[in-house]
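# predicted structure and sequence below. I'll ask about it afterward.
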Amino acid sequence: MTGVSVAPQLETPRLTLRQSHDCDAEPFAAMNADPEVMRHFPAPLDRAGSDALLARDTAGDFDHPNLPLDSGLRRHVLYRLKREEWTA
């Protein structure tokens with residue numbers, strides 16, 4: 001496919017970082033609706049807001065707005081952790 005970039009997948013024994021997929025929509029929306037998960041964000045997201053955010057990430061359109069366009073650090077990593085996965 002010309003013009004399509006594939007994000008690398010990084011794996012460790014405890015963590016996998018990968019490109020978002022359609023199957024992520026439901027669990028991502030559940031995390032985005034959880035006030036405790038979202039306590040450091042402006043507000044929890046409803047399903048429509050969560051789906052829009054995931055669509056931006058999947059499209060590769062989730063860049064840091066305060067960095068120059070040519071910065072290699074501009075691309076954001078979008079992530080959340082389910083409350084059940086938190087450890088002390």
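That came in fine, so what should we check first?
# what about the closest residue to Pro35 other than its chain neighbours, distance to Ala52?
Closest residue to Pro35 apart from its sequence neighbours, by Cβ to Cβ, 6 or more residues apart in numbering: Pro44 at 5.3 Å. Backbone N, C-alpha and C define where each C-beta goes, glycine included. Relative to Ala52, Pro44 is positioned 14 Å away (Cβ to Cβ, to the nearest Å).
# quick one: the strands in the protein?
Applying DSSP state E to the chain gives strands spanning 10-11, 16-17.
# contacts only, for Asn32.
Met38, Pro44, Leu45, Gly49, Ser50, Leu53, Arg80 (Cβ atoms under 8 Å, 6 or more residues apart in numbering).
# please list only the buried members of those residues.
By neighbour count, with 16 or more other Cβ atoms under 10 Å, the contacts of Asn32 hold Pro44, Leu45, Ser50, Leu53, Arg80 as buried.
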